[in-house]
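[1] Build me a structure from this.
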Amino acid sequence: MEKKIILLADDDMDDTEMFCEALADIDESVICHTAENGSEALKILASLDQSPGVIFLDLNMPIMNGWECLKELKSDQRYKDIPVIMISTSSHRNDMDTAANLGAVCYFVKPNNFKDLKHVLKIITSNLNGNLKEAIKEIQAGNLQHVFVCDENNLKS
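    Down below sits the predicted model:
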């Protein structure tokens, strides 16, 4: 079984725990590395043997926030093609636009509902190895209130 790697950077331990629990329920082959800020995420990324299929970045974190980390990722040749999904409790349109402009594939408003989180993560993880573009389109077609596709051009086919 091919392992699927995800990197999550989020300083909220409750959200991180819920995220990892949802992933474990969905797919045992997913390995989720977690960081408490963008700086730690970059260090973890540099130490991995295999790049993650997707990186989830929380917007508001100490030391290095999600925006700063996203800029670093997209300016680094080693990481610029890894899809990044921004996550936040904020649903402000300007945050979604900024995410798209900085190269994120998707903006995800953190759901309070475990079932909704599992649903979105199931679609993403089942399409990590090459078909993430279709997964993001499927999420968009499902019209989920907390998922906003940033820009299809940010997704490599």
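[2] So, low pLDDT: which residues of the protein?
    Scanning the chain with the threshold set as pLDDT under 70 gives 1-2, 129-131, 133, 137-157.
[3] residue boundaries of the helices in it?
    Using DSSP state H, the helices assigned to the chain run over residues 13-26, 38-47, 66-75, 93-102, 114-125, 132-141.
[4] so who does Trp67 touch?
    Leu59, Thr98, Leu102 (Cβ atoms under 8 Å, 6 or more residues apart in numbering). Every residue, glycine included, has its C-beta placed from N, CA and C.
[5] PyMOL command for the buried members of these?
    In PyMOL syntax, the buried subset of the contacts of Trp67 is picked out as below (16 or more other Cβ atoms under 10 Å):
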select buried, resi 59+98+102
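[6] Just send the contacts of Trp67 back as JSON lines, with distance to Lys43 too.
    Shown next, in JSON lines, are the contacts of Trp67 (distance: Cβ to Cβ, whole Å):
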{"residue": "Leu59", "distance to Lys43": "20"}
{"residue": "Thr98", "distance to Lys43": "24"}
{"residue": "Leu102", "distance to Lys43": "21"}
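[7] Could you pull up the residues touching Ile85?
    Ile85 neighbours (Cβ under 8 Å, 6+ apart): Val54, Ile55, Phe56, Leu57, Ala104, Val105, Cys106, Tyr107, Phe108, Ile124.
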